[in-house]
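Visitor: prediction below, plus the sequence it came from.
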Amino acid sequence: MSTPKPRPGVMNVAPYVGGLHSVDGVKDVIVLASNETPLGPSEHAMRAYEKAARELHRYPDGHATDLRATLGRRFGCDKERIVCGAGSDEVIQLLIRAYSGPGDEVLYSRHGFSIYRIFATGVGATAVAAPEKVLTADVDALLSKVTERTRLVFLANPNNPTGSYLPDSEIQRLRDNLPDDVLLVIDAAYAEYVNRNDYSAGIEMVDRHDNVVMTRTFSKIYGLAAVRLGWAYCPAAVADVLNRLRGPFNVNEPAQRAGIAALEDTKHIEESQAHNAKWLPWLATALGGLGLTAHPSVGNFLLAQFPDVKSAESAYDYLLTQGIITRKLGSYDLPDSLRITVGLESELRALTDALARHLGRS
Ligand SMILES: Cc1ncc(COP(=O)(O)O)c(C=O)c1O
């Protein structure tokens, strides 16, 4: 008997495994697993969201007109070339659906954000991973993997879960050596946290080239992960393609209103940046003091490498018993490491105290 069959590739997808938000039997957990901001959403964003509740019977603005105008002003972008989505995940999926399919290749770097591989596999394309140098994307290795089948190259900058980044000059070199019909997608989900002079999120590069797209999210520094809001800055032809493919009302109105308010709350953004600038190095030093390798990170998280897989796993399990949730990285082929988000001071102290107890260093 024949049964309905999905398109090629769908059943090859290993579904995305997200971070935990609860532990059985533990009332107050410390969640350091999903790179969410510990400072919560902006008060202004919460108020805008609550106000939008009174209009829940209305369809949202399907063009996200005010949100795109605010983004355009805030980032110096052409609002006509901004496409919003339900999280940057949706925008990334739209790009993959629009530009690749069976027989095509989607290139990413070995420990790059896992969603690229998942979505590429789901449309029947082949996800191709290029080797890295010291957990950092390697432009030469990426270029060496380009074939006539390559349709898209994804680069998370900074990258999740490694925390590493490429300077602007390297991204430019990557783009300059790609064929013109290959789309380079710079995923700058953590751009707001980066405080390096040689970094740029990619806006100018999008303005200069017809084959570069930048994606951004409201899930990290803006503290709006729950409402699902992201955007892409694109060449005009790419924006046109995405607008044909996306759902007509893909971004809900409360999300649009909260997003605008969050963008305008520069005080909240600056507080988040200052918090991260202080506690990211503190966490790296504290983990180093416990004998772990804290890989350099420019995001709001870091990769803590243990001496071996067993010790990473037992630390993860012990932390869970203490109500502290970190992220295991077996699916990234980094089973000897845990990814830890920069939380509140009290949360980070609880984490390092627990690790010290577990490692017999207290
Ligand atoms: C590099 C990177 N890109 C994209 C996303 C997806 O973010 P969103 O919540 O906007 O879908 C994440 C989320 O963790 C991420 O780390």
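Guide: Everything's here; your move.
Visitor: which residue comes closest to residue 356 once chain neighbours are left out?
Guide: Nearest non-adjacent residue to residue 356, counting by C-beta to C-beta, 6 or more residues apart in numbering: residue 362, 4.1 Å away. Backbone N, C-alpha and C define where each C-beta goes, glycine included.
Visitor: and that neighbour, how far is that from residue 196?
Guide: 34 Å (C-beta to C-beta, to the nearest Å).
Visitor: got it, and residue 147?
Guide: 32 Å.
Visitor: please apply the same query to residue 127.
Guide: Separation of residue 127 from residue 196 (C-beta to C-beta) stands at 29 Å.
Visitor: again, but for residue 153
Guide: 22 Å.
Visitor: just residue 13 next, same as before
Guide: 35 Å.
Visitor: and residue 127 and residue 196? Which one has more around it.
Guide: residue 127 (21 against 11; other C-beta atoms under 10 Å).
Visitor: ok, how many other residues are close to residue 279?
Guide: There are 19 residues near residue 279, going by other C-beta under 10 Å.
Visitor: got a list of what the nearest residue to it once chain neighbours are set aside touches?
Guide: Leaving aside its sequence neighbours, residue 279 sits nearest to residue 342 (C-beta to C-beta, 6+ apart; 5.0 Å). Residue 342 makes contact with 38, 275, 276, 279, 280, 283, 300, 301, 302, 348, according to C-beta atoms under 8 Å, 6 or more residues apart in numbering.
Visitor: most neighbours among the residues you listed, which one is it?
Guide: Counting neighbours by other C-beta under 10 Å, residue 301 leads those with 29 neighbours.
Visitor: give the contact list for that one.
Guide: 35, 160, 161, 163, 339, 340, 341, 342.
Visitor: now, which of those lie close to the ligand?
Guide: 35, 160 (C-beta under 6 Å from any ligand atom).
Visitor: let me know how buried residue 7 is, in neighbour terms.
Guide: 11.
Visitor: give the contact list for it.
Guide: Neighbour list for residue 7: 123, 124 [criterion: C-beta under 8 Å, 6+ apart].
Visitor: residue 213 now?
Guide: Contacts of residue 213 by C-beta under 8 Å, 6+ apart are 95, 183, 184, 185, 186, 206, 232, 233, 234, 235, 238.
Visitor: can I get those in CSV including neighbour count?
Guide: As requested, the contacts of residue 213 are arranged in CSV below (neighbours: other C-beta atoms under 10 Å):
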residue, neighbour count
95, 28
183, 24
184, 22
185, 27
186, 26
206, 23
232, 25
233, 28
234, 28
235, 18
238, 24
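Visitor: from the residues you listed, which land in strands?
Guide: 183, 184, 185, 186, 232, 233 (DSSP state E).
Visitor: what residues are bridge-paired with the nearest residue to residue 144 once chain neighbours are set aside?
Guide: Nearest residue to residue 144, sequence neighbours excluded (C-beta to C-beta, 6+ apart): residue 130, at 7.3 Å. Beta-bridge partners recorded for residue 130 (DSSP bridges): residue 109.
Visitor: show me what contacts residue 130?
Guide: 107, 108, 109, 110, 137, 138, 141, 142, 144, 145 are the contacts of residue 130 under C-beta under 8 Å, 6+ apart.
Visitor: how much space separates it from residue 64?
Guide: 34 Å.
Visitor: neighbours around the closest residue to the ligand within the stretch 251-362 of the chain, how many?
Guide: Closest to the ligand within the stretch 251-362 of the chain is residue 299: 8.2 Å, counting by C-beta to the nearest ligand atom. Here the number of neighbours of residue 299 (other C-beta under 10 Å) works out to 28.
Visitor: pull up the residues of this structure that are close to the ligand.
Guide: 35, 87-89, 113, 156, 160, 187, 189, 217, 219, 225, 230.
Visitor: run the last query once more with 5 Å
Guide: Within the chain, the positions near the ligand by C-beta under 5 Å from any ligand atom are 87, 88, 89, 113, 156, 160, 187, 189, 217, 219, 230.
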